[in-house]
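Trainee: requesting a structural model of the entry that follows:
(4 chains)
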Protein chains: 4
Amino acid sequence: MYQFLNDYSESAHPDIIAALQDSHLQQHKGYGYDEFSAKVRNTVQQQLGNSDIAIHFGITGTQANLVCIDAMLDSIDGIIACDTGHIAVNEAGAIEATGHKVILAPSTNGKLTIEALRKVRMRHSFAPHVVRTKAVYISNTTELGTVYSYEELKAISEFCREHDMYLFMDGARLGAAIASYHDNPDQRNVTLADFVELTDIFWFGGTKMGAMFGEILIIPNEQIAEDFNIYLKQHGGLLAKGYLLALQFDVLLKDDKYLELCRHANTMAAQLSQGIVDCGLELFVPTQSNQVFAKMPNTLITHLKTEFDFYEWEAVDDEYSIVRLVTSWATLPDQVVKFLTMLKQQTMS
Amino acid sequence: MYQFLNDYSESAHPDIIAALQDSHLQQHKGYGYDEFSAKVRNTVQQQLGNSDIAIHFGITGTQANLVCIDAMLDSIDGIIACDTGHIAVNEAGAIEATGHKVILAPSTNGKLTIEALRKVRMRHSFAPHVVRTKAVYISNTTELGTVYSYEELKAISEFCREHDMYLFMDGARLGAAIASYHDNPDQRNVTLADFVELTDIFWFGGTKMGAMFGEILIIPNEQIAEDFNIYLKQHGGLLAKGYLLALQFDVLLKDDKYLELCRHANTMAAQLSQGIVDCGLELFVPTQSNQVFAKMPNTLITHLKTEFDFYEWEAVDDEYSIVRLVTSWATLPDQVVKFLTMLKQQTMS
Amino acid sequence: MYQFLNDYSESAHPDIIAALQDSHLQQHKGYGYDEFSAKVRNTVQQQLGNSDIAIHFGITGTQANLVCIDAMLDSIDGIIACDTGHIAVNEAGAIEATGHKVILAPSTNGKLTIEALRKVRMRHSFAPHVVRTKAVYISNTTELGTVYSYEELKAISEFCREHDMYLFMDGARLGAAIASYHDNPDQRNVTLADFVELTDIFWFGGTKMGAMFGEILIIPNEQIAEDFNIYLKQHGGLLAKGYLLALQFDVLLKDDKYLELCRHANTMAAQLSQGIVDCGLELFVPTQSNQVFAKMPNTLITHLKTEFDFYEWEAVDDEYSIVRLVTSWATLPDQVVKFLTMLKQQTMS
Amino acid sequence: MYQFLNDYSESAHPDIIAALQDSHLQQHKGYGYDEFSAKVRNTVQQQLGNSDIAIHFGITGTQANLVCIDAMLDSIDGIIACDTGHIAVNEAGAIEATGHKVILAPSTNGKLTIEALRKVRMRHSFAPHVVRTKAVYISNTTELGTVYSYEELKAISEFCREHDMYLFMDGARLGAAIASYHDNPDQRNVTLADFVELTDIFWFGGTKMGAMFGEILIIPNEQIAEDFNIYLKQHGGLLAKGYLLALQFDVLLKDDKYLELCRHANTMAAQLSQGIVDCGLELFVPTQSNQVFAKMPNTLITHLKTEFDFYEWEAVDDEYSIVRLVTSWATLPDQVVKFLTMLKQQTMS
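Mentor: Got it, this is the predicted structure:
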């Protein structure tokens, strides 16, 4: 049974395991105050062309989100997210547990639009009876695998600045987004350095691109960056052996290794997507990164599940459902071929 | 420069690195719902002689503490801890950030006493103006490296049950405590199974006994155990690649590997402690596990620091300070000898 | 300028002022532990035919909501409310500030429906990634002045019990609802005692029916009632001079004084509503209590505002808006006549 | 049975009842946006010689404390209070429920000292493992009825500014303190305007000086003042009929009525205190305002309790206890005489 369930099914890329083995008996200071962490922080700062920018390391995505949002907001502030956003439903009330309201806006293909932002703000103008709409949350790639174009990001960024709101980007799959920009000649490329310009705080996730765990938190906004480490500690997000986080990103950032890994994942997804369309099936949203959402007959799903595991996202009606297929750096091309062959046999017959 | 700073200076025991390498391309379900996690849970349950007991995995110690306490308490409940307890000062307000008061009691050699508990409860009897004193926090070994005897634990446990309070044990260094019981013929041995009898919830830390990170959370009290995974998720403590946690404990629990590692740490500390006393210096608290606290002249400290790194715990007066030396599974016996030689040379001269 | 802005424009009914004057130099124990509070608690219990039911007093509506919800829920629990519910938008994140998610459901004429509940629960079934849907919030009368029928309440109550959820009713305008049942021969009457059967906890507001401030909190569910006073104290909701709360409800409950006051308010609203319809204007929702929502041309609104103050609820388009008119125990019949006369002159011309 | 239990035993001063009666059928805007509230805000600003200073109204003392502290602090900040401070034990965890740690310092006669502050800060210097010590809480008069001298206040204020900490003063009994300064020729007088210079935020309580309830919150620090009303609303502290708060302070501030009332209370306490000393009994702390703490034999306490009600503060030993006697604007001089007569008869016999 092969899994297209997730992009975190395998523990880590071989290079990371090798780096671990090379260094595991060295002594380091704790909590990220070691020289290794300093070196990686420095590497990232140089890559971003900003030697002052605050760089931290986190452990899990939900924690990165809750720590960043708590550091950004005062008690009376809420954060706007579209209703498919990870913080909206799928983090077990993590943001609310820090005392902050997540304000829902309707989504379009998993994305937040300026029009939706405008409406939400209008509904929250009756102070002091409403929270302040102080920040905006986007995820890129989105939970539906779609990718914000540079123009979309720029419009949201400008809207936020105009209205004195922070822009926060959840980058659990930011590597896949960057790979998508990289391989799309029709669009303006978007790099890590662009996100420094566009957002106030964002994170770049390792878990879904070959790390065992961990993310880099990048904080262009100096006010948010102040004493950020205490926020991490308070929420249990400061790893005693912090050098383990740096070590993994050292591997992934070297010669843009992560980009190579994410391009593989996107390529595998593109093949799945194209194959599905070729079989006459319909996509639920366009495939732009390493997630494929497609509408399939339930009978077909049942059959595919004899060999492959993947999520049934939601029921369409009694006969059809939306399925999600996720690829990763570790996805085996042979398994993609096998899946598509099986699909073709079924849909042709 | 050799470090006696911490027991988390080295990333992981070689066996753990080897296990990682063996398995890193296998596919697993996420968030601890994999078969590996199930197997380790099962192993622990068998070792505890209780196939129903709730077993979870956590990532960091501060997070384990805040999640356990939040799961235990209602909003109006506080938890009593002694003033040297880790949650009292050194977790950056993590417990209060979940809305709960940490109620301070004076400590005796790092331990909580029944007498202190009684006084604190008396001061909190004026309902509805006070929080309910609903739980008691102890750490074992304590932050001063001392170890609760079975009799002390039993007394606290009974006091808690008598007064309808939960007993929670922070086991960041529980392995060191268990090794201490194991090697002390004058005392009743205390095992993991005993803690199931004595407490309502406790955790058993991996970070300080050779894991990269992680702890096992064990919840004898069924009420606290209910939907515990959601508490973990809400506080960002559910690792996507949860099988990494199980994998590490699989190594540490096999043939009581952890006990071997912790006994080494305790032995190294005992040698340091004895050597210090032999030089005519005074201990701050008795050495019972892998931490040594001693009073030293500041001139001596400065000299030792040319070769070794360790914490100055607190100033005694202008001439003397308390230092802390921590040993671990990885402590090199040669370095202990070297440290003591240097000490002897200085104190004899 | 006469106000139809609110039902809390006047400070208090003359009988309450008189009662205050009669008793203001008596000595009482603090925080509701006085004999007067005990007497009123007893009166309510007798009226509800339940001498054990927990009865508390609160000060403001937002506080009543946040205290009740905090007392009901564990940290990992959310509460479902419809999107027009007071806790959903208009309490400045009060519920989230206690750590709990408010889960939005679409509303129908200001009411929550079983169908909406079902969908929301389905979207929150992916544990441990979602909060538990542990409670349901309704307000009666609703924020749009509509009133739940007994059958609607019963259906929601049964749905909650079936799914192990608490039902909580915000009764800021419960008096108006009770008056509406009382005067509607086509419907089953619903009394305070019925709400004890139907809900787990609810409150009965004084502010909008002639008290200076204050509400009675009634808690049929014994588990929620436990140590409820500490929840009140913790959130600053325990009035030092608690006897002031009891004193006001003593006046309002005597011979169902509150019912007389609320019937007046409803009658005034019914006259406004009928007059508006008679002028060929459209209602936004049916008028069932003391709030009237109507669609009016902006030019008409501007004219009416030269003599009357009221809220413009929301814009319909460039020419039309929804307005809200609120009546109370203190509404002067002459002003209703004057308003309708002015309206008629404008719409006829 | 006459009560020396509290200074909130009687509902309100007759002038306040009269003002209520005069105005109770007027229409006002809600939530403090009425003209009456504006007028009183203006009066206070003029009295403080600062027309820009933020002035708000609160309802209960615990709520004033929690709202002020929440508005002052970021999530990672704690507030230092001495261990007899009201927020330390007697507010049911209200501050922690907003997510903030109350950091305890030892008290001296109910007061915080610079020396205690220094030690606490030293213990909290190990960032990122500790909360930031961002604010200091004092109450004036203290919970033991003592009054900070101008010099003590100035020293604490300067210490706070030097270390970038906010100073917050709980003024539940500030009127009694001001009366104490006013009537003490040996000390520098301290006025409301002085507190604007000395603190960042403080409140001036009405409940204990003749109001039914309510306090004025005064916020010299502009940063803390920003959107303060939303903090009040979020915590349920914005009264719908906000004009009721203004109305009461209008009475109390007119011609310094409150000062007259508080001087009466202090005089009554001074008579009790002197009488107790004259009987050869010992005070627990010096009597400086309207609270008297004295050490009495338990047999004497039992006898006095046949006619008077008051708190037994704490047991000294098996034979003696500390009692607390509280006076107020409403204390009857005859009852003071009666109490002292009874005392004299007992202690002489």
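
Trainee: quick one: contacts for the closest residue to chain B within the stretch 151-300 of chain A?
Mentor: Relative to chain B, the nearest point of the stretch 151-300 of chain A is A:Gly236 (2.6 Å; CB to the nearest CB). Where C-beta positions appear, they are placed from N, C-alpha and C, glycine not excepted. Contact partners of A:Gly236, counting by CB atoms under 8 Å, 6 or more residues apart in numbering or on different chains, are A:63, B:59-67, B:94, B:235-237.

Trainee: by neighbours, which of those residues wins?
Mentor: B:His235 (31 neighbours; other CB atoms under 10 Å in any protein chain shown).

Trainee: residues contacting A:Met268?
Mentor: With CB under 8 Å, 6+ apart, A:Met268 has these contacts: A:Asn290, A:Thr327, A:Ser328, A:Thr331, A:Pro333, A:Val336.

Trainee: one more: A:Leu261?
Mentor: Contacts of A:Leu261 (CB under 8 Å, 6+ apart): A:His13, A:Gly175, A:Met209, A:Gly210, A:Leu252, A:Trp329.

Trainee: helix, strand, or coil at it?
Mentor: Three-state assignment for A:Leu261 (DSSP: H, G, I helix; E, B strand; the rest coil): helix.

Trainee: how close does it get to chain C?
Mentor: According to CB to the nearest CB, to the nearest Å, A:Leu261 stands 26 Å off from chain C.

Trainee: now that residue: closest residue in space that isn't a chain neighbour?
Mentor: Distance criterion CB to CB, 6 or more residues apart in numbering or on different chains; nearest residue to A:Leu261, sequence neighbours excluded, is A:Trp329 at 3.6 Å.

Trainee: what sits against the one you found?
Mentor: Contacts of A:Trp329 (CB under 8 Å, 6+ apart): A:Asp7, A:His13, A:Met209, A:Gly210, A:Leu261, A:Cys262, A:His264, A:Ala265.

Trainee: one step back: now, of the contacts of A:Met268, which are buried?
Mentor: A:Asn290, A:Thr327, A:Ser328, A:Thr331, A:Val336 (16 or more other CB atoms under 10 Å in any protein chain shown).

Trainee: make a markdown table from those residues and add distance to C:Thr306 and secondary structure to it.
Mentor: Shown next, in a markdown table, are the buried ones among the contacts of A:Met268 (distance: CB to CB, whole Å; DSSP: H, G, I helix; E, B strand; the rest coil):
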| residue | distance to C:Thr306 | secondary structure |
| --- | --- | --- |
| A:Asn290 | 63 | coil |
| A:Thr327 | 67 | coil |
| A:Ser328 | 67 | coil |
| A:Thr331 | 71 | coil |
| A:Val336 | 72 | helix |
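
Trainee: distance to chain D added to the residues you listed, as JSON lines?
Mentor: Output for those, formatted as JSON lines (distance: CB to the nearest CB, whole Å):
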{"residue": "A:Asn290", "distance to chain D": "34"}
{"residue": "A:Thr327", "distance to chain D": "38"}
{"residue": "A:Ser328", "distance to chain D": "33"}
{"residue": "A:Thr331", "distance to chain D": "39"}
{"residue": "A:Val336", "distance to chain D": "45"}
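
Trainee: and which of those residues is nearest B:Ile17?
Mentor: Using CB to CB, A:Ser328 is the member of the buried ones among the contacts of A:Met268 that lies nearest B:Ile17, at 22.7 Å.

Trainee: ok, now which ones touch that closest one?
Mentor: Applying CB under 8 Å, 6+ apart, the residues contacting A:Ser328 are A:Asn6, A:Asp7, A:Tyr8, A:Ser9, A:Glu10, A:Lys208, A:Met209, A:Gly210, A:Ala265, A:Met268, A:Asn290.

Trainee: need phi/psi at it.
Mentor: According to degrees, to the nearest 10, the main-chain angles of A:Ser328 amount to phi -150, psi -180.

Trainee: just the CA coordinates of stretch A:65-80, formatted as PDB?
Mentor: This file holds the C-alpha atoms of stretch A:65-80, laid out as PDB (Å, rounded to 0.1, in the frame of the first residue of the first chain):
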ATOM      1  CA  ASN A  65       1.400  29.800  13.900                       C
ATOM      2  CA  LEU A  66       0.300  30.300  17.500                       C
ATOM      3  CA  VAL A  67       3.700  31.800  18.600                       C
ATOM      4  CA  CYS A  68       3.900  34.200  15.700                       C
ATOM      5  CA  ILE A  69       0.300  35.400  16.100                       C
ATOM      6  CA  ASP A  70       0.600  35.800  19.800                       C
ATOM      7  CA  ALA A  71       3.800  37.800  19.300                       C
ATOM      8  CA  MET A  72       2.000  40.000  16.800                       C
ATOM      9  CA  LEU A  73      -1.200  40.800  18.500                       C
ATOM     10  CA  ASP A  74      -2.400  42.600  21.600                       C
ATOM     11  CA  SER A  75      -5.200  41.000  23.600                       C
ATOM     12  CA  ILE A  76      -7.900  43.000  21.800                       C
ATOM     13  CA  ASP A  77      -6.600  42.100  18.300                       C
ATOM     14  CA  GLY A  78      -8.000  39.500  15.900                       C
ATOM     15  CA  ILE A  79      -6.500  38.000  12.800                       C
ATOM     16  CA  ILE A  80      -8.300  37.600   9.500                       C
END
